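J.: Take a look and give me a structure for this.
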Amino acid sequence: MFKRILVAVDGSDHAEQALQKAAQLQKIHDSEMLILTVFRHHSLLEASMSMVRSAEPTNIDDAMREHAREVAENAKKVAAEAGAQKVRGFVKAGPPARTIVKFAKEHEADLIVIGSRGMGDVEGYLLGSVSHKVTSLAKCPVMVV
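T.: Predicted coordinates:
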């Protein structure tokens with residue numbers, strides 16, 4: 001039934017639970033698993049307002065991209081340990097919910113699996129969670145774990 005399952009991960013416990021559930025589904029449907037980690041672009045305005053100054057200035061987007069890459073690689077290992085096969089990992093920048101939905105459409109995902117809560121900030125409490133936004137925007141089924 002599901003040829004391609006997209007799992008959105010952010011390193012949270014709920015994301016790992018979603019990954020475990022996706023691995024179970026993949027075994028049943030013999031599908032491909034796409035793991036996606038999305039990081040939010042850090043604007044120059046946010047950087048200029050930061051109270052924390054590092055000794056070595058770095059490009060914040062590069063640091064966030066590297067962290068997202070580590071999260072995606074770890075998720076691939078966790079999926080493999082859960083018995084998943086045919087797993088590919090991806091890292092994208094952008095607003096999380098819209099980026100997840102766009103990626104699902106571009107890669108023809110039949111199902112999106114996402115944790116009910118992630119590593120989001122206060123914005124999630126004020127504007128709604130990523131999982132809630134994904135369920136309202138996605139054209140394919142979404143499983144919230």
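
J.: Confidence-wise, which helix or strand of this protein is lowest on average?
T.: Across the helices and strands of the chain, mean confidence by mean pLDDT, DSSP states H and E is lowest for helix 122-127: a mean of 45.

J.: which element is V134 on?
T.: helix 130-137 (DSSP states H and E).

J.: If you count contacts, what does the longest helix anywhere in the chain end up packed against?
T.: Scanning the chain for the helix with the most residues, using DSSP state H, yields helix 60-81. Secondary-structure packing of helix 60-81 (3 or more Cβ pairs under 8 Å, 6 or more residues apart in numbering; DSSP states H and E): helix 13-29, strand 32-39, strand 87-93. Any C-beta I mention is one placed from the backbone N, CA and C, and that applies to glycine too.

J.: relative orientation of it and strand 32-39 in degrees?
T.: Interaxial angle, helix 60-81 versus strand 32-39 (axes from the mean of the first three to the mean of the last three Cα atoms, to 10 degrees): 150 degrees.

J.: pLDDT averaged over helix 60-81 - what is it?
T.: Taken as a whole, helix 60-81 has an average pLDDT of 92.

J.: Now do that helix: distance to the chain's middle.
T.: Averaging C-alpha positions (Cα atoms, centre = their mean, to the nearest Å) puts helix 60-81 10 Å from its chain's average.
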